[in-house]
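K.L.:
Here is a sequence together with a model predicted from it:
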Amino acid sequence: MSNGTVEHQASTSNTDTAVRIAVAMGDGIGPEIMEATLKVLDAAGANIQPEFMDVGEKVYLSGETAGINQASWDTINRCKIILKAPITTPQGKGYKSLNVTMRKSLGLYANIRPVMALHPYIKTNFPEMDVVIVRENEEDLYAGIEHRQTQDVYQCLKLITRPGCEKIVRYAFEYAKAYGRKKVTCMVKDNIMKITDGLFHQVFDEIAKEYPEIESDTQIIDIASARLAARPGDYDVVVTSNLYGDIISDIAAEIAGSVGMAGSANIGRNVAMFEAIHGSAPDISGKGIANPSGLLNAAVMMLAHIGQNETADKIKNAWLRTLEDGFHTADIYQEGISAQKVGTQEFAEAVIARLGQSPEKLSVSTLSKGSGTITIPHYERQEQKKDLVGVDVFIDWKGNDPNEIGNNLRAVTGSTLKLKMITNRGVKVFPHGMKETYCTDHWRCRFVPFNDANEPVYEEVDYAQVLALISALHNEGFDVIKTENLYEFDSKRGFSLGQGE
Ligand code: NAD
């Protein structure tokens with residue numbers, strides 16, 4: 001069988017029950033490590049049927065800027081499970097990240113990266129490390145919604161949703177349950193982002209109650225990352241949002257000493273994609289020396305995901321035994337520890353020769369004790385009463401005296417909404433700001449109703465009042481760059497206060 005570029009031995013099953021897998025051979029070292037991985041899967045008796053598809057460099061260069069064509073989407077839709085070797089993203093503008101495209105298009109909401117120390121076979125300062133990072137994969141700052149709003153100010157929207165939080169947090173607990181993990185730690189920055197990260201934390205607390213047998217705690221991401229780097233043994237499963245997860249999963253992989261060895265899973269409701277965490281390593285491509293372990297570990301995760309846990313263990317244990325026996329590729333070869341420097345295919349042969357054996361010193365893989373299928377219930381929205389209680393109007397103004405813009409805005413007539421305060425980069429500057437506060441050309445001006453005593457109140461208003469306000473501001477020559485409605489949901493404030501408000 002051929003994928004059009006490389007001849008290889010396809011691992012196929014003899015039974016009707018074989019699970020169809022969409023296989024992307026990738027670029028650079030991709031075909032070499034995929035060939036080695038498929039060989040091991042075949043020898044271990046994985047009950048799978050590969051269907052090969054093209055993604056990556058060749059597709060990019062053919063003019064598909066997303067790096068994937070319709071035929072490959074069709075293969076994915078048929079198979080639902082993807083095993084993907086790394087691909088090369090061509091340099092230059094216009095090419096989109098294939099990973100981001102696939103994650104978002106296929107709803108791959110959970111990125112799972114187990115990181116385990118393999119001391120003393122792989123150098124690490126943390127022999128006890130065995131952490132699984134569960135990273136939200138679809139939202140947060142990665143929604144990619146960015147705007148330049150004034151000459152000096154650029155904005156990136158951080159979107160956190162309740163369904164997104166519920167899915168990822170529940171996945172983390174279900175994963176812990178399925179694979180016998182004891183503790184789930186949530187990492188957030190809700191001391192600052194009280195609404196977005198606050199929601200993640202709140203959902204974590206709600207869902208943690210449903211899993212009393214699993215220990216749970218929440219830590220602030222900055223100190224938590226420092227502790228993860230200094231004492232990784234304190235962590236078991238970590239669940240966090242997209243950006244924090246991106247950063248801490250690299251920290252975790254790096255300190256385990258095994259960046260080139262780690263696999264990862266991108267899990268969706270209907271589709272899942274498994275790959276190594278490293279790239280296509282063009283510097284060593286074609287030399288036959290690449291380490292196939294990252295992709296092999298991804299394939300092990302894939303087998304566990306589709307319920308072939310015993311085969312997953314068989315491969316993982318043989319792989320651990322191969323490392324113990326000192327068969328090491330060049331990237332992990334160490335004088336005094338390694339017995340033999342081997343190439344990609346020789347390494348695969350060494351793993352195949354050990355199928356059925358277990359490691360003697362490293363922990364034996366116990367995926368077969370777990371359940372391979374994690375099902376997350378569909379989100380059910382609880383309807384809430386939503387009231388508009390004011391509006392933040394963002395104004396581009398090149399002056400630098402907050403009292404000047406504040407007093408000018410107070411003089412605007414034509415709306416029942418009046419100026420409550422102004423912030424600049426989130427800090428209150430009017431009324432009663434501090435002269436030391438640095439101001440840019442981006443002024444967030446909060447308008448709300450005023451009561452009979454002429455005090456600002458958050459009280460229900462009609463959107464027509466907002467429109468009248470914008471119109472009045474425009475007529476007075478203010479440069480309105482955007483508005484953000486202020487809502488309460490079931491009488492609970494749905495917006496942040498200005499620092500110092
Ligand atoms: P890289 O991970 O490909 O390589 C970094 C270093 O690690 C290189 O020295 C390489 O030789 C080494 N290395 C990586 N994997 C190895 C392995 N299995 N065995 C031995 N050594 C290994 O990162 P890069 O050089 O920054 O990126 C190269 C290309 O890969 C780029 O086009 C990038 O966009 C792409 N990339 C793809 C993915 C993916 O498809 N998931 C991920 C990351 C990078």
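P.N.:
Structure's in. What do you need? Keep in mind the model is a prediction, meaning the values are calculated, not measured.
K.L.:
wouldn't residue 322 be in contact with residue 354 here?
P.N.:
Yes. Between residue 322 and residue 354 a contact is recorded at 5.5 Å, counting by Cβ atoms under 8 Å. All C-beta atoms are positioned from the backbone trio N, CA, C, and that covers glycine.
K.L.:
Compare those two and say which one has the larger neighbour count.
P.N.:
residue 322 (25 against 21; other Cβ atoms under 10 Å).
K.L.:
Wasn't that one part of a strand?
P.N.:
No. Going by DSSP: H, G, I helix; E, B strand; the rest coil, the assignment for residue 322 is helix, not a strand.
K.L.:
what sits against it?
P.N.:
347, 350-351, 354 (Cβ atoms under 8 Å, 6 or more residues apart in numbering).
K.L.:
one more time with 7 Å, if that's ok
P.N.:
350-351, 354 (Cβ atoms under 7 Å, 6 or more residues apart in numbering).
K.L.:
what does residue 356 give?
P.N.:
Contacts of residue 356 (Cβ under 7 Å, 6+ apart): residue 314.
K.L.:
Report the separation between the residue of the chain found nearest the ligand and residue 57.
P.N.:
For the chain and the ligand, the shortest gap (Cβ to the nearest ligand atom) falls at residue 279, measuring 2.5 Å. Distance of residue 279 to residue 57, given as Cβ to Cβ, to the nearest Å: 12 Å.
K.L.:
Which neighbouring residues are in contact with residue 266, exactly?
P.N.:
103, 108, 111, 137, 272-273.
K.L.:
Kindly report the same for residue 176.
P.N.:
184, 214, 237 are the contacts of residue 176 under Cβ under 7 Å, 6+ apart.
K.L.:
for residue 148, same thing?
P.N.:
Shown in contact with residue 148 (Cβ under 7 Å, 6+ apart): residue 154.
K.L.:
how close does it get to residue 442?
P.N.:
On the measure of Cβ to Cβ, residue 148 and residue 442 end up 11 Å apart.
K.L.:
all helices for the stretch 51-200 of the chain, in order.
P.N.:
57-61, 70-79, 98-105, 162-178, 196-208 (DSSP state H, counting those that start in this stretch).
K.L.:
most tightly surrounded among the ones you listed?
P.N.:
helix 162-178 (a mean of 22; mean count of other Cβ atoms under 10 Å).
K.L.:
quick one: that helix to chain centroid distance?
P.N.:
In terms of Cα atoms, centre = their mean, to the nearest Å, the centre of helix 162-178 is set 13 Å apart from its chain centre.
K.L.:
just stretch 259-268 next, same as before
P.N.:
Counting by Cα atoms, centre = their mean, stretch 259-268 comes out at 12 Å from the chain centroid.
K.L.:
May I see the domains of this structure written out as residue ranges?
P.N.:
If you go by automatic domain parsing, the domain ranges for the chain are 7-107+291-371, 125-256, 386-493.
K.L.:
If we only consider the contacts of residue 322, which is nearest to residue 259?
P.N.:
Nearest to residue 259 out of the contacts of residue 322 is residue 351 (Cβ to Cβ; 19.8 Å).
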